[in-house]
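Chemist: just need the structure, nothing else, for what follows:
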Amino acid sequence: MSKFTGNNNNRMRTGWFFKAQLSYENDPLLQSAIRSASLRFQETHKRGNPRSLLLTCQCLMIFFNNLYAFAEPLFMDPYAGCFVPPHTGMDLENPLKHYCIATKFIDDKLLRTVNHMDGLKQVVILSDGMDTRPYRLNWPSSTIIFDISPDRVFQNAAEKLQGVGAKVPRNCLYLHNPLECTDIQQTLRMKGFNGTRPSIWAIQGLPVMTLARFEEILSTVSGMAMKGCIFLGELPAWLAETEFGSKSSTKEWMNNLFMSNGFKVDMVSYNDVAKSLGKVVKPGEHENILFVSEQLQLSDDQKETRRKEMQKVEDDGDDEGFKEH
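Modeler: Modelled structure (predicted):
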């Protein structure tokens, strides 16, 4: 059973979030979400215009066409612009950010998995509240997308998205679950999440204040995701108890943390993802860990179903024995 279903008073005191009376300008959760939206906005509008270049020979034509292809955006987020300040400028020479590489990787992994895993209709996104994946990705029909994010950020974003006419794909369902809820598992179940059916979970931008809070999140995912489900995304590097400069020690820490919750995990190299896309990522250390993990154990709902089945077998056996006597 997830740790997140423990004492309510303790959870309200040390939960995944903090409460404060904040304005739009000084709300750290809101401003962090806007910064990420700004990166998606910049990436979306990276497309160059080779016609503006003066070409003097065929060699230059080939060179600039290749340069143009290199500048193609990794993804299109037509809604990110409604979150960023009107005066946000465009810097087309800005190096590719690790965040954008991760966004593309998570986008592709989500869609590939949803389209190829039989019966997978449940997607859970743990986000900063301004995640536009429910609107901009081409989800298969009947997909149910559960969002877990800070409520005040989500409500701010929902108003802006409604203003620009954003809609989820036809025959899909999008359900918000406030991060501030005292029991995320119960909230998801009440909205229709079924732990005996396949699901995929993605985390990017979710405000994680402490290692203990992430352990609660991981425990919650472990309790709800059935065997074989995928959990992927980005984690803040500071979560690692060891120095992030040591890749081997960070990998060992990740393995221990995830395996203790039933997951097999692999760290993913930002550079390798960039290379596979024909891109070059911004040099220097990055602040996050990109990962993919697979659930190896039964969800709480699967365990309960199995328990009931075994109980029924025992009861039927007792009935047969009674009839023989």
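
Chemist: which stretches in the chain count as helices?
Modeler: Assigned by DSSP state H, the chain shows helices spanning 8-14, 28-44, 58-70, 98-116, 133-136, 151-163, 184-190, 211-224, 247-259, 270-276, 300-324.

Chemist: which among these is found nearest to residue 178?
Modeler: helix 151-163 (3.8 Å; C-beta to C-beta). Glycine gets a C-beta too; all of them are placed from N, C-alpha and C.

Chemist: report the distance from the closest one to the chain centre.
Modeler: Centroid separation between helix 151-163 and its chain, computed with C-alpha atoms, centre = their mean, to the nearest Å, is 18 Å.

Chemist: so residue 264 touches residue 292, yeah?
Modeler: No - with contact defined as C-beta atoms under 8 Å, residue 264 does not count as touching residue 292 (9.5 Å).

Chemist: CSV please, covering the helices of the chain and showing mean neighbour count.
Modeler: Shown next, in CSV, are the helices of the chain (neighbours: other C-beta atoms under 10 Å):
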stretch, mean neighbour count
helix 8-14, 11
helix 28-44, 20
helix 58-70, 12
helix 98-116, 19
helix 133-136, 22
helix 151-163, 17
helix 184-190, 18
helix 211-224, 20
helix 247-259, 15
helix 270-276, 16
helix 300-324, 11
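
Chemist: residue ranges with poor pLDDT in the stretch 51-200 of the chain?
Modeler: 51-71, 88-95 (pLDDT under 70).

Chemist: just to revisit the earlier point, and of the helices of the chain, who's closest to residue 232?
Modeler: helix 98-116 (5.7 Å).

Chemist: quick check: angle from the closest one to helix 28-44?
Modeler: Here helix 98-116 points in a direction 80 degrees away from that of helix 28-44 (axes from the mean of the first three to the mean of the last three C-alpha atoms, to 10 degrees).

Chemist: circling back to that earlier point, out of residue 264 and residue 292, which sits in the busier spot?
Modeler: Counted by other C-beta atoms under 10 Å, residue 264 and residue 292 do not tie: residue 292 has more neighbours, with 19 against 12.

Chemist: so the more buried one is in contact with residue 265, correct?
Modeler: Yes - look at residue 292 against residue 265 with C-beta under 8 Å: they come within range, at 7.3 Å.

Chemist: who touches the nearest residue to residue 111 once chain neighbours are set aside in this structure?
Modeler: Closest residue in space to residue 111, ignoring its immediate chain neighbours: residue 137 at 6.1 Å, by C-beta to C-beta, 6 or more residues apart in numbering. Residue 137 makes contact with 107, 110, 111 under the criterion C-beta atoms under 8 Å, 6 or more residues apart in numbering.

Chemist: quick check: end-to-end length of stretch 195-214?
Modeler: 20 Å (C-alpha to C-alpha, to the nearest Å).

Chemist: quick one: buried residues of it?
Modeler: By neighbour count on 16 or more other C-beta atoms under 10 Å, the buried set for stretch 195-214 is 195, 197-208, 213-214.

Chemist: pull the most distant pair out of those.
Modeler: Longest span within the buried residues of stretch 195-214, C-beta to C-beta: 197 and 207, 28.4 Å.

Chemist: need the nearest residue in space to residue 84, chain neighbours excluded.
Modeler: Per C-beta to C-beta, 6+ apart, closest to residue 84 is residue 38, 4.7 Å.

Chemist: per-residue confidence at the one you found?
Modeler: Here the pLDDT value assigned to residue 38 is 94.

Chemist: again, but for the one 10 residues further on
Modeler: pLDDT, the model's per-residue confidence, is 50 for residue 48.

Chemist: likewise residue 208?
Modeler: At residue 208, pLDDT is 87.
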